[in-house]
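In: With the sequence up front, the predicted model follows.
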Amino acid sequence: MARDILAIPMSTSISNSAFYIEPMTINSIFDGLDPDIIEASTCGGDWLDNPTRITPNKDNDHSPEPTYSPSVFAGTYSSLETQEKHAPFTADTVLMLGNPVSTSCPDPLPTRTATEVVDILRRNEAQGLQHNSMRSQEYSWSPPPSSWLKFNVGAEVHDSNTFLAAVVRNDVGDVVEAGIALDNVTSSLVAEALAFKYAMNLIKQYSVRKAIIEGDAPLVVNALKGRKTDAPLEINGIVQEVFAVLDTCTDTIVDFSCVNKSCNSLAYDCIKWATRNRFWGILPISWFTGASFIGPTCV
């Protein structure tokens, strides 16, 4: 406060010209400006030339919190610009990670070298690639263990007919058997349960020793994996029939798996072809090339 009072000039005349008799002229820069604007410009220039930190008034409990004048921020930016201009960027250059306008956090953010930032970016990229790989595995078919066969099953209801499909592949992904069965149910859930029963009958027919039946019907798979006797009433009878067939295959190990529908794409490709051509029965292996089904245009 003393500085503000003592800085008030005792005279409006410049000290060097106080005893001159020549008339004074107003600088053309200030000619026409409002006095309030001149005062604000003068005070603003004084504040910018002498950066100070406003301290709260101890006698006033409602005084504002301490803030920084714009000149502090201007100095921060100019110092960074000076560093960029005179210091070459190298791998050991320190990158200042912080928010110069924030005064609520007393502790500055940690500084990192360019090498550390590059390492962080590479780790994030690797984690992103790993995440994408996990997602792609989640939505793609996976082979069974060695010496096992995987039966991918699917079902679709078309008008008054229900088409059931089972595609059998070995541990290297080759199709070893595939078939289409026909039924007349109208419930999609019942159709899915019948697809598992169809695969179980194929396992018994061909005396398969180790098999995985994989579908995209969670209710059916949960009932089969837990050997539930209280499965949903709509499919409980079919689930018990699957257990009855399994109990007759004393030397057979069967597991049940639920996957995303995209993992059963080959089974549904067979169903689409069968509905167009009104076909059911065993599909020739020659109609499969790798993970694709290429059936004739008509039968």
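Out: Okay, I see it. Residues are numbered from 1 along each chain as shown.
In: Surely residue 254 and residue 211 touch.
Out: Yes. Between residue 254 and residue 211 a contact is recorded at 5.2 Å, counting by Cβ atoms under 8 Å. C-beta here means a position set from N, CA and C on the backbone, and glycine is covered the same way.
In: what about the two, which has more around it?
Out: The residue with more neighbours, out of residue 254 and residue 211, is residue 211; 23 against 20, by other Cβ atoms under 10 Å.
In: OK, contacts around residue 169?
Out: The contact partners of residue 169, by Cβ atoms under 8 Å, 6 or more residues apart in numbering, come to 141, 143-144, 149-150, 152, 175-176.
In: and with 10 Å instead?
Out: Residues near residue 169 by Cβ atoms under 10 Å, 6 or more residues apart in numbering: 141, 143-144, 149-152, 175-178, 214, 266, 288, 291.
In: before we move on, what about residue 284?
Out: By Cβ under 10 Å, 6+ apart, residue 284 lies in contact with 178, 295-296.
In: Kindly recompute the last result at 6 Å.
Out: Applying Cβ atoms under 6 Å, 6 or more residues apart in numbering to residue 284 gives no contacts.
In: For PyMOL, what selects the buried ones among the contacts of residue 169?
Out: Per 16 or more other Cβ atoms under 10 Å, the buried members of those correspond to this PyMOL selection:
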select buried, resi 141+144+149+150+151+152+175+177+178+214+266+288
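In: Out of the contacts of residue 169, which sit inside helices?
Out: Counting by DSSP state H, those place residue 266 in helices.
In: Out of the contacts of residue 169, flag the one nearest to residue 196.
Out: Nearest to residue 196 out of the contacts of residue 169 is residue 151 (Cβ to Cβ; 8.7 Å).
In: Residue 141 is in contact with residue 265, isn't it?
Out: No. Using Cβ atoms under 6 Å, residue 141 is not in contact with residue 265, being 7.6 Å away.
In: In terms of model confidence, name the weakest of the contacts of residue 169.
Out: In terms of pLDDT, residue 291 ranks lowest among the contacts of residue 169, with 73.
In: per-residue confidence at residue 227?
Out: If you check residue 227, the pLDDT there is 83.
In: That one: neighbouring residues, count only.
Out: 13.
In: And the one 5 residues further on, by the same measure?
Out: Using other Cβ under 10 Å, residue 232 has 15 other residues around it.
In: And it, what's its pLDDT?
Out: 88.
In: Could you give the number of residues near residue 173?
Out: Counted with other Cβ under 10 Å, residues neighbouring residue 173 total 13.
In: out of everything not next to it in sequence, what's closest to it?
Out: Leaving out its chain neighbours, the residue that sits closest to residue 173 by Cβ to Cβ, 6 or more residues apart in numbering is residue 143, at 5.4 Å.
In: from memory that neighbour sits against residue 175, does it?
Out: No. Shown here, residue 143 and residue 175 do not form a contact pair, counting by Cβ under 6 Å, at 11.9 Å.
In: where do the strands sit along this protein?
Out: Using DSSP state E, the strands of the chain run over 94-95, 112-113, 149-158, 161-169, 175-183, 210-215, 253-258, 281-282, 288-289, 292-293.
In: Which residue ranges of this protein form helices?
Out: 2-6, 35-49, 70-86, 114-138, 188-205, 218-225, 233-248, 265-277.
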